[in-house]
Structures are given as C-alpha cells and as structure tokens.
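A.B. asks: Below is the sequence, then the predicted model.
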Amino acid sequence: MAASGGGRGVDLSLSAARRVWAELPAVIRQRDNRAVRAAAGAVLQVVDDAVASFADGHAEAGRELVRREETVRRELVDDLLRGDAHLSEMVERAEPSGLDLTRAHQVALPNWGSGSPR
C-alpha cells in the first residue's frame, strides 16, 4: 500500500493491527478470556479505523475528480461561447465529455441583454 497522503494513516493503523495480532498467541496462552477479547477487539478497532480512513480518502478523491471535471467542462463551454479558442484544441477537450465537435450542433442561449428573459 502506498504511504502518501491519507494512505500513510491507513498504513500506520494496519501496522498497529499487525503488531497486536502478533501478540495474540502469548495472550491466548495465558488463557485470560478478557485479555484475548480485548486484544482481538483492539485489532478489529484498528482495522475498522483504517478501512474508514481509506474509504474517506477514496470518497474525497472522487469528489475532487468531479470538481476537476466540472471545471474542465465549464471552461470548455466558456471557450465555445466566446469562440476565440483553436478548434482543434476544443475538439480534443470536448471528447472526454462526450461531445463530438466535428458534427453539427444547435445551441440555444438566453438573451439577457434586454433586461429580462422572453
């Protein structure tokens, strides 16, 4: 597992779980049921925390990706409306959004210059 960003916290949590897990045989040999339950509970809690941290990081990465894609689409539409960008660049930028700018399109725009929509 990579140890960058949020992944570092997950790595640390799982390392702690491995250390506690490695000590379980010694606890079991003592035949202290409470100690065994506590050690097993500690392992499960650490793993639960690591999975939650990983899931949070994954969800945030997804939200960031959506924000970037929205920005790219918004900038593309702005460039299309202005009409001052290179056509070949706009065709390339439009493809990931599912737009084929080599085909005919109809565009409807509101006329806000008159002060109110018609």
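C.D. replies: Thanks, I have the structure now. Residues are numbered from 1 along each chain as shown.
A.B. asks: make it CA atoms for all contacts and neighbour counts henceforth
C.D. replies: Will do.
A.B. asks: now the most centrally placed residue in the chain: how far from residue 51?
C.D. replies: Of all residues in the chain, the one closest to the mean position by C-alpha atoms, centre = their mean is residue 61, 1.9 Å from it. The spacing between residue 61 and residue 51, counted by C-alpha to C-alpha, to the nearest Å, is 15 Å.
A.B. asks: Same question for residue 108.
C.D. replies: 47 Å.
A.B. asks: same question, residue 13
C.D. replies: Spatial separation of residue 13 from residue 51 under the definition C-alpha to C-alpha is 9 Å.
A.B. asks: If you count contacts, what does the helix ranked longest in the chain end up packed against?
C.D. replies: Counting residues, the longest helix found in the chain (DSSP state H) is helix 33-82. Using 3 or more C-alpha pairs under 8 Å, 6 or more residues apart in numbering; DSSP states H and E as the contact criterion, the neighbours of helix 33-82 among helices and strands are helix 7-29, helix 87-94.
A.B. asks: can you do 7 Å?
C.D. replies: If you count contacts as 3 or more C-alpha pairs under 7 Å, 6 or more residues apart in numbering; DSSP states H and E, helix 33-82 packs onto helix 7-29.
A.B. asks: model confidence over the helix it packs on, on average?
C.D. replies: Averaging pLDDT along helix 7-29 gives 76.
A.B. asks: angle of that helix against helix 33-82?
C.D. replies: Taking axes from the mean of the first three to the mean of the last three C-alpha atoms, to 10 degrees, helix 7-29 and helix 33-82 form an angle of 170 degrees between their directions.
A.B. asks: could I have helix 7-29 exported to CSV, CA atoms only?
C.D. replies: Presented in CSV, the C-alpha positions along helix 7-29 are these (Å, rounded to 0.1, in the frame of the first residue of the first chain):
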residue,chain,number,x,y,z
GLY,A,7,-2.6,6.3,2.8
ARG,A,8,0.1,6.9,5.4
GLY,A,9,-2.6,6.9,8.2
VAL,A,10,-4.0,3.7,6.8
ASP,A,11,-0.5,2.1,6.7
LEU,A,12,0.1,3.1,10.4
SER,A,13,-3.2,1.7,11.5
LEU,A,14,-2.7,-1.6,9.8
SER,A,15,0.9,-1.8,11.2
ALA,A,16,-0.5,-1.4,14.7
ALA,A,17,-3.1,-4.1,14.0
ARG,A,18,-0.3,-6.5,12.8
ARG,A,19,1.7,-5.8,16.0
VAL,A,20,-1.3,-6.5,18.2
TRP,A,21,-2.2,-9.6,16.2
ALA,A,22,1.3,-10.9,16.5
GLU,A,23,1.0,-10.7,20.3
LEU,A,24,-2.3,-12.7,20.4
PRO,A,25,-0.7,-16.2,20.8
ALA,A,26,1.0,-15.0,24.0
VAL,A,27,-2.3,-13.6,25.3
ILE,A,28,-4.1,-16.8,24.4
ARG,A,29,-1.6,-19.0,26.2
